[in-house]
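S.K.: Sequence plus the predicted model coming up.
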Amino acid sequence: LKQITPENAHRLTAQWTFQTETMARGRGYEATPLLVDGVLYATGPNDFAWALDARTGRPFWRYRRDLPNNLTYGASVPVNRGFGVLADRLFMTTLDAHLVALDMKTGSVLWDIELADYKIGHSATMAPLIVKDKVIVGISGGDYPTRGFLDAYEPATGRRIWRFYTVPGPGEPGSET
């Protein structure tokens, strides 16, 4: 961090660029790439993802989720806010409310589970959070009549470990407020 100073910052120049071939209809990119062993792992709008050589920008692989044509919340907010990483796996939420595990080397899908029904307004745009041996994700779509929650999943299998609802359900204490 001491190599770049106010005196030499003006000499910095772009070393490479990468064309993502996707747009977010006015939203732009809302994720910070992860750098692991010289590889940049990035997500973009409409559930695209890439692994790029950090020195050259050369793509190693590209992932694109096939999204349904009848998205609800995900159609109006087509962003993806990044990967979570644990060992040799990348974890990504999707606009159609899934959690996907990708192989870091190949970009191939290791498992894909549904968090909730996108048809009633659920979506997922957050970067998964890795806490010890769990993948933690939340749901998006609060503009629709959905009930928010946080989930924890096993990284190896995608099995849900627990779910915490952030709003009480009908008949539960606090639901009348």
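M.R.: Received, thanks.

S.K.: Settle this for me: residue 95 is touching residue 74, isn't it.
M.R.: Yes - taking contacts as C-beta atoms under 8 Å, residue 95 lies within contact range of residue 74: 3.0 Å. Yep, even glycine has a C-beta here, placed from its N, CA and C like the rest.

S.K.: which residues do these two both contact?
M.R.: 67, 118, 123, 125 (C-beta atoms under 8 Å, 6 or more residues apart in numbering).

S.K.: hmm, which of those residues are the buried ones?
M.R.: When these are checked for burial by 16 or more other C-beta atoms under 10 Å, the buried set is 67, 118, 123, 125.

S.K.: of these, closest to residue 158?
M.R.: The closest of these to residue 158 turns out to be residue 118 (C-beta to C-beta; 17.4 Å).

S.K.: For residue 159, see how far away that closest one is.
M.R.: Distance check for residue 118 against residue 159: by C-beta to C-beta, to the nearest Å, it reads 21 Å.

S.K.: got it, and residue 170?
M.R.: Residue 170 is 28 Å from residue 159, by C-beta to C-beta.

S.K.: cool, and residue 79?
M.R.: Taken as C-beta to C-beta, the span from residue 79 to residue 159 is 27 Å.
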